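[1] give me a model of this one.
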Amino acid sequence: MATIVDVTILGNRYKLKSSDNEAGQLEELAARLDARMQETASHLKRVNPLNVSILTALQLAEELAKSHGEARAAYAKLQKQYNDELARLDRQHAAELAQCKKDAAELEKKHSEELAQCQKDTAELEKNHLEEMAKLRQDMDRLEKKHADELAQCRAEQAAQGRKHADELAKLTDGQKESLSQLTRQHEALVAELRQAHSQEMAKVQQEQSRRYEALQAEHASLKKDYDELMELLEET
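    Numbers count the residues shown, from 1 in each chain. Model (predicted):
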């Protein structure tokens with residue numbers, strides 16, 4: 001909303017239109033202008049409002065030009081400081097970026113070397129594991145063959161003894177049947193004992209082979225887990 005402000009400048013009253021929120025500022029400006037013109041008039045022998053106004057305007061223009069020059073100089077100085085600081089920051093950023101790239105290249109090289117060594121170690125361990133597994137299979141095959149040969153020999157001996165006992169049984173008299181029966185029982189007990197011993201030995205061998213095989217599998221799984229964790233760590237990196 002517009003309002004009328006009464007101001008006095010060099011003894012003359014003026015009514016100025018202003019908005020409500022700028023009325024106080026306008027009164028202050030008018031008072032400062034009046035004081036400045038009063039000061040200018042005090043230096044003149046004859047007070048002419050037009051001359052006072054012109055001289056005051058020239059003084060204000062001179063001061064404004066001086067303020068503009070100082071402002072431009074200050075701005076130029078600030079601009080130079082800004083450009084110098086910006087150039088310094090650019091150089092610092094470039095140096096930090098170069099160092100960062102260098103560190104990243106060294107870290108990548110280190111990781112590549114560690115990965116290559118890990119892959120080499122894993123391949124060597126896997127090779128050793130396969131060799132041990134092959135050797136273990138050979139031992140198992142050889143042991144099974146040995147047991148099969150022993151079993152075949154035992155059966156052959158049993159068959160031979162059975163034929164021998166059958167021949168002897170045919171030649172024995174009725175009075176010798178009890179002895180033959182006892183001998184047969186002893187023979188059966190011996191055969192059962194041999195079979196049991198053979199079965200126990202086979203079980204022990206199979207348990208030992210299974211234990212060694214499980215140990216190798218556990219070791220292989222642990223190595224694979226370590227390798228996978230290292231690969232995940234390298235990928236995260």
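
[2] could you report the pLDDT at Ala95?
    pLDDT, Ala95: 87.

[3] and the one 5 residues further on, by the same measure?
    Reading off the per-residue confidence, Cys100 sits at a pLDDT of 81.

[4] now for the host helix or strand of it, which elements pack on it?
    Taking DSSP states H and E as the definition, Cys100 sits inside helix 49-171. Using 3 or more C-beta pairs under 8 Å, 6 or more residues apart in numbering; DSSP states H and E as the contact criterion, the neighbours of helix 49-171 among helices and strands are helix 23-42, helix 177-236. Heads up, the C-betas are built off the backbone N, CA and C, glycines and all.

[5] okay, the angle between it and helix 23-42?
    For helix 49-171 against helix 23-42, the angle by axes from the mean of the first three to the mean of the last three C-alpha atoms, to 10 degrees is 140 degrees.

[6] and the helices and strands packed on helix 49-171, which one is worst for confidence?
    It's helix 177-236: among those, that one has the lowest mean pLDDT, namely a mean of 83.

[7] tell me which other helices or strands that one touches.
    Checking 3+ C-beta pairs under 8 Å, 6+ apart, helix 177-236 ends up next to helix 49-171.

[8] so what's the gap between the helix it packs on and the chain middle?
    The chain centre lies 8 Å from the centre of helix 49-171; the measure is C-alpha atoms, centre = their mean, to the nearest Å.

[9] okay, now the closest residue to Leu151 other than its chain neighbours: neighbour count?
    Take Leu151 and drop its neighbours on the chain: the residue closest to it by C-beta to C-beta, 6 or more residues apart in numbering is His198, 6.7 Å away. Under the neighbour criterion other C-beta atoms under 10 Å, His198 is assigned a count of 14.

[10] can you check Glu208 too?
    For Glu208, the tally of surrounding residues (other C-beta under 10 Å) stands at 13.

[11] now Lys146
    With neighbours defined by other C-beta under 10 Å, the count for Lys146 comes to 11.

[12] relative to Asp141, which of the helices and strands packed on helix 49-171 is closest?
    For those, proximity to Asp141 was assessed by C-beta to C-beta; helix 177-236 is nearest, at 10.8 Å.
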